[in-house]
Every structure is written in structure tokens, then in C-alpha cells.
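[1] Just to be clear, the model below is a prediction. Sequence and coordinates:
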Amino acid sequence: MFLEFFIWGAWFVTLGTFLSRNLGTTGFQTSLAFLTQSIGAIIAPFVIGLIADKFFSAQRILGVLHLAGAILLWIASSSTTFDGLFPVIVVYMILYMPTLALVNSISFRQMKDPSREFSSIRVLGTIGWIIAGLIIGWLGWEQANQLALTFKMASVASLILGLFSFTLPSTPPVKKGEKTSISEILGLDALRLLTHRSYLLFFLSSIAICIPLQFYYTFANQFFNEAGMKAAAGVQSLGQVSETLFMLLIPVFFIRLGVKKMLAIGMLAWVLRYVLFAYGDAGANYWMLITGIALHGICYDFFFVTGQIYTDNLAGEKFKSAAQGLVTLATYGVGMMIGAFVSGPIVDAYTIAGGHDWKTIWLIPAGIALLVTILFLLLFRDSQQNGKVIQQA
């Protein structure tokens, strides 16, 4: 988990700044670069359903994907044009995004009670992301315009994880040797979760909330640098510190609040975060920027981690990998893909002399997130039928 998210945080956080400064991209081109994660996320469920649930052990697939990813990240570090970089990260993300579901699947398969145990393992991923950001800030790569080195750092970490993966606990395919249909081989049986009304609403809400979320992932680092924040990538790691704290508290909140309240709180946190960014600056209102960053723990944990646990509870034993891929499809796939096409043109539309009208830009995703939250609260109903949805469908 540490290495999995160290790799991602090592280059992805500062990608927008790298593109605008080094390659002179527009907002739309920057959003296209972040769109690559959505392409990978949409393909991920099919990769997991075809390979991890049927033919090969998950830890071996994880190793192969990260070894290939190490090569691609190193190539990306030498790119000098957007046209040269884009196809490389497209292929990389097609390989990387399935690994998010794989590490979850490997973890869940070793646990007796994932709702209690998973957060203590997943928190190591958050720490990995924090360390990556602190290293970038400490070495001053943003100020020195040396962000190409972030790709090399991620490449080395990917090589290490690729080799280390082959030593992980054996996680053999649960359906090996069974006669299965094409839909099962491709992981499409996980779609049966959508016949469960509450899960369908969760799935649609996941897509909708990720539209405003993409504004943060694509443009936050660029915004902080334009605002004059020093060592922005390092400061942004405060969000992962917050994430670490709330990750450890997830079991307590999960029992006391339940799925609906946790998901809703996570959505509302995004609304507040964007409002703070809209009115914050590097001067007297610097505290607003810091508070907005620190809200990341609630924003991420209460929605994404809760959603992963909720999915694992409902999926049943035989379809856990494919079901986690389905979550990836909804969030990092469809939702953020739509968000990429929405955010880029909006940022370009509010380009002004010397930068952007960030106040207006941030209030737009705040409004979208608020609307999604209201609809979710009105419509979502959860019936606790752990592990029975696919089997009964």
C-alpha cells in the first residue's frame, strides 16, 4: 500500500504544474492528461475480471504491471512536448489503474473482518503519498522547475514494488477451473450489484461527485503555485496527514454513523473545501487554503474508503476483485472522465492576464457537489444485505 500510493503521488500531484510550465499546455490539454486515469479506470474492471478472478494470482499480476509501469514512467521523464507525453501516460494509466483494485483485493482476501481491519492497512498508502509530496517540497523541484524528476522517482518506486509484489501473500483466482460465461470472464457479473437499488444510487452518486472532484486533482497544485504558496506539493501533503487520521477512525465512524451518513459527510466536505479555495489566498486568508487542504481526510475517507468497504460487504466472496474494479470504474473512470471534459474548458474560460479567476472556477464545482449531495440524501436508502447481492441476482 505504501509503495502503491507513493508511486501515484510522486508525479500525479504536480502534473498540472509540470504541463503548464514545462510544456505550455492549455487548461483543456491539462485536463486531457488527467483524463488518462479515467481511461485506465474504465478498462480496469475488465482486466481484473479477465485475469485476477479467473486465471492468475493477483500478486503476480500486480508485479508485472508495476515493472512495465517503471519503464513507461522513465520514458515520460524525458518528454518535451504534450504530444510526446500523452500516449505514454495513456498506456501507463491503463496498466496502473487496475493495480488499485488489485491491492484492495489482495488486502481483503487476507482479512476476516475488512470493515475493521482494512483502514489500518490502507493508511500506509496515505503515508506513501505524504512522503512523496514532502520529498518534492523538500528538494524544491517546483521552484527549481525540475518536475521531470518526479517521473524518475516514481519509476524507481514502481520497479521496487514490481519486484516486491512477487513476495506478497498468495492470492489465487477464486474462480480458477470453473466454467464461466464471457460476461463472468470480463468481470461483468459484478454489474449485478446495480440491481440492488441502494448500490445503484451509490454507483450513480460516485460518478456524479467525481465530476467536481476532478477540478481538485487536475488544477489544485497549479492554483496553489499561482497563488504564491511555497513548496505547494509539500503543503498539499497535509491533506494526506488528515486522511491518515480519519483512516484510522473509519471503523468507529462506520459503526456509529453507517454508510449513508458517512458518504454524505464526505460529499459535503468537498463543497466546503471548494468554497474555502474560492475565498482563500496566500495572504491574510491563507488559513482558508490550509483548512481546505486539511479537509481531504474527510473528503476522501468518508466517500472513497467507505465506498470500498460497502462494495466489499455487498459483493460476496467470489466477485470481490471485479466488484472493486466496478468502484474504480464509477469513480476514477466515468465520473472523472466527465470531470476532465468539464473542468478544462471552464479553467480556460476564466483565464485572465497573469493567471486565472480562481474564485469563480472553484465556486462552480462547489455548486455541483452541493447538488449531488442533496439528491443523494433525498434518494439513498441502505438495506444491510452483506455479501448477498450478486448471489441473489
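    In hand now; what should we look at? Numbers count the residues shown, from 1 in each chain.
[2] Need phi/psi at the residue nearest to residue 82 when sequence neighbours are not counted.
    Of all residues not flanking residue 82 in the chain, residue 23 sits nearest, at 4.9 Å (C-beta to C-beta, 6 or more residues apart in numbering). No exception for glycine: its C-beta is placed from N, CA and C like everyone else's. Backbone geometry at residue 23, expressed as degrees, to the nearest 10, gives phi -110, psi 0.
[3] so what's residue 23 up against?
    For residue 23, the contact set (C-beta atoms under 8 Å, 6 or more residues apart in numbering) comprises 79-82, 85.
[4] repeat that with 7 Å
    If you count contacts by C-beta atoms under 7 Å, 6 or more residues apart in numbering, residue 23 has them with 81-82, 85.
[5] Likewise for residue 109?
    Contact partners of residue 109, counting by C-beta under 7 Å, 6+ apart, are residue 171.
[6] and it, how far is that from residue 130?
    Distance, residue 109 to residue 130, by C-beta to C-beta, to the nearest Å: 26 Å.
[7] before we move on, back to that, out of the contacts of residue 23, which is nearest to residue 244?
    residue 85 (31.3 Å; C-beta to C-beta).
[8] And the closest one, how close does it get to residue 159?
    Distance from residue 85 to residue 159, by C-beta to C-beta: 20 Å.
[9] Look at those two and report which has more neighbours.
    When residue 85 and residue 159 are compared for neighbours, residue 85 comes out ahead with 24 against 18, by other C-beta atoms under 10 Å.
[10] So which of the contacts of residue 23 sit within helices?
    Residues of the contacts of residue 23 located in helices (DSSP state H): 82, 85.
[11] CSV for the contacts of residue 23, including distance to residue 100 and pLDDT?
    Formatted as CSV, these follow (distance: C-beta to C-beta, whole Å; pLDDT from 0 to 100):
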residue, distance to residue 100, pLDDT
81, 29, 93
82, 25, 93
85, 22, 95
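[12] So residue 281 lies in a strand, does it not?
    No. Applying DSSP: H, G, I helix; E, B strand; the rest coil, one finds residue 281 to be coil, outside a strand.
[13] How much space separates residue 322 from residue 102?
    Counting by C-beta to C-beta, the separation of residue 322 from residue 102 is 12 Å.
[14] what's the answer for residue 148, then?
    28 Å.
[15] can you give me phi and psi for residue 110?
    Residue torsions, per degrees, to the nearest 10, at residue 110 are phi -100, psi 0.
[16] What number of residues are in the vicinity of it?
    Neighbour tally, residue 110, other C-beta under 10 Å: 13.
[17] how close does the nearest residue to it once chain neighbours are set aside get to residue 58?
    Among residues not flanking residue 110 along the chain, residue 169 sits closest, at 5.7 Å (C-beta to C-beta, 6+ apart). Residue 169 is 10 Å from residue 58, where distance means C-beta to C-beta.
[18] Look at those two and report which has more neighbours.
    residue 58 (28 against 11).
[19] nearest spatial neighbour of the more buried one, skipping sequence neighbours?
    residue 171 (4.1 Å).
[20] So residue 142, which state does it fall into?
    Taking three-state DSSP, the label given to residue 142 is coil.
[21] Make 495 the first number, not 1, from now on.
    Got it, first residue is 495 now, which makes that one residue 636.
[22] Could you count how many residues lie near it?
    Neighbour tally, residue 636, other C-beta under 10 Å: 24.
[23] do you know how far it is from residue 568?
    21 Å.
[24] Does residue 709 touch residue 859 like I think?
    Yes. Using C-beta atoms under 7 Å as the test, residue 709 is close enough to residue 859 to be in contact (4.3 Å).
[25] Now the common contact residues for these two.
    The contact lists of residue 709 and residue 859 share no entry, where a contact means C-beta under 7 Å, 6+ apart.
[26] about what we covered before: the residue nearest to residue 604 touches residue 601, doesn't it?
    No. In this structure residue 663 lies outside contact range of residue 601 using C-beta under 7 Å: 9.6 Å.
[27] Show me which residues of stretch 734-747 are buried.
    For stretch 734-747, burial by neighbour count (16 or more other C-beta atoms under 10 Å) applies to 734-738, 740-742, 744-745, 747.
[28] related to what we said a few turns ago, more neighbours: residue 642 and residue 596, which one.
    Between residue 642 and residue 596, counted using other C-beta under 10 Å, the more crowded position is residue 596 (29 against 16).
[29] could you pull out the strands for the protein?
    Using DSSP state E, the strands of the chain run over 845-846, 849-850.
[30] and of these, who's closest to residue 827?
    Residue 827 lies closest to strand 849-850 among the strands of the chain, at 27.2 Å (C-beta to C-beta).
[31] Pairing partners for the closest one, with directions?
    strand 845-846 (antiparallel) (DSSP bridges).
[32] thinking residue 501 is in contact with residue 646, fair?
    No. Residue 501 is beyond contact range of residue 646, at 11.9 Å (criterion: C-beta under 7 Å).
[33] which stretches of the stretch 645-794 of the chain have low pLDDT?
    Across the stretch 645-794 of the chain, the ranges flagged by pLDDT under 70 are 667-683.
[34] Could you report the separation of the residue nearest to residue 552 from residue 573?
    35 Å.
[35] The two: which is more packed in?
    Counting neighbours by other C-beta under 10 Å for residue 665 and for residue 573 shows that residue 665 has the greater number, 22 against 19.
[36] Tell me how far the more buried one lies from residue 646.
    30 Å.
[37] likewise residue 760?
    Here residue 760 is placed at a distance of 34 Å from residue 646 (C-beta to C-beta).
[38] what about these two, which has more around it?
    Comparing residue 760 with residue 646 by other C-beta under 10 Å, the one with more neighbours is residue 760, at 23 against 16.
[39] Now do the contacts for the more buried one.
    Counting by C-beta under 7 Å, 6+ apart, residue 760 touches 792-793, 796-797, 800.
[40] what's the most distant pair in those residues?
    Using C-beta to C-beta, the pair of the contacts of residue 760 lying farthest apart is 793 and 800, separated by 11.6 Å.
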